[in-house]
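Q: what follows is a predicted structure for the sequence shown.
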Amino acid sequence: QVQLQESGPGLVMPSQTLSLTCTVSGDSITTDYYYWSWIRQPPGKGLEWMGTITYTGSTYYSPSLKSRTSISRDTSKNQFTLQLRSVTPEDTAVYYCGRGKQVRTTTPDYRGQGTQVTVSS
């Protein structure tokens, strides 16, 4: 059974960098043909795909967030990480990590329970 767990600060100051880590168990993030994504849901809005790191380490980002987003991985820890720079209150959302078979998806096969991040001073 694949399990994903998001971790990181629940409160971030405006203009700072949001950093979240997804810890994966039950599968390796280097397993062929799987894609590891970050997805978020702002309050009262739908799910938004943010970006993906593939099993080879290639990265893909939402055009609307590309200038502020970085996704990396630590294969020794079986983790992948999201960094979102220059955050504003509009970045307040529940953030999810997931594993799927598509580069861009808001409905991965497996998803973490999500972590609330609030951007506020």
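A: Arrived safely.

Q: which strand or helix spans the most centrally placed residue in the chain?
A: Of all residues in the chain, the one closest to the mean position by C-alpha atoms, centre = their mean is residue 38, 2.5 Å from it. Of the helices and strands defined by DSSP states H and E, residue 38 is found in strand 35-41.

Q: now do the buried residues in that strand.
A: Buried residues in strand 35-41, counting neighbours by 16 or more other C-beta atoms under 10 Å, are found at 35, 36, 37, 38, 39, 40. (Glycine included, C-beta is placed from N, CA and C.)

Q: what's the closest of those to residue 20?
A: Residue 20 lies nearest to residue 38 out of the buried residues of strand 35-41, by C-beta to C-beta, at 7.4 Å.

Q: returning to what we had before: separation between the residue nearest to the centre of the chain and residue 62?
A: Taking C-beta to C-beta, to the nearest Å as the measure, residue 38 and residue 62 are separated by 9 Å.

Q: so what sits against both of the two?
A: Shared contacts of residue 38 and residue 62, defined by C-beta atoms under 8 Å, 6 or more residues apart in numbering, are found at 49, 50, 51.

Q: quick check: bridge partners of the first one?
A: In this structure, residue 49 has beta-bridge partners residue 39, where bridges are defined by DSSP bridges.

Q: returning to that earlier point: in CSV: the buried residues of strand 35-41, plus distance to residue 75.
A: CSV is the format used below for these (distance: C-beta to C-beta, whole Å):
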residue, distance to residue 75
35, 15
36, 11
37, 17
38, 17
39, 22
40, 24
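
Q: can you tell me which of the residues you listed is closest to residue 19?
A: Within the set of the buried residues of strand 35-41, residue 38 lies nearest residue 19; the separation is 11.5 Å, counting by C-beta to C-beta.

Q: tell me the pLDDT at that closest one?
A: Looking at residue 38, its pLDDT stands at 98.
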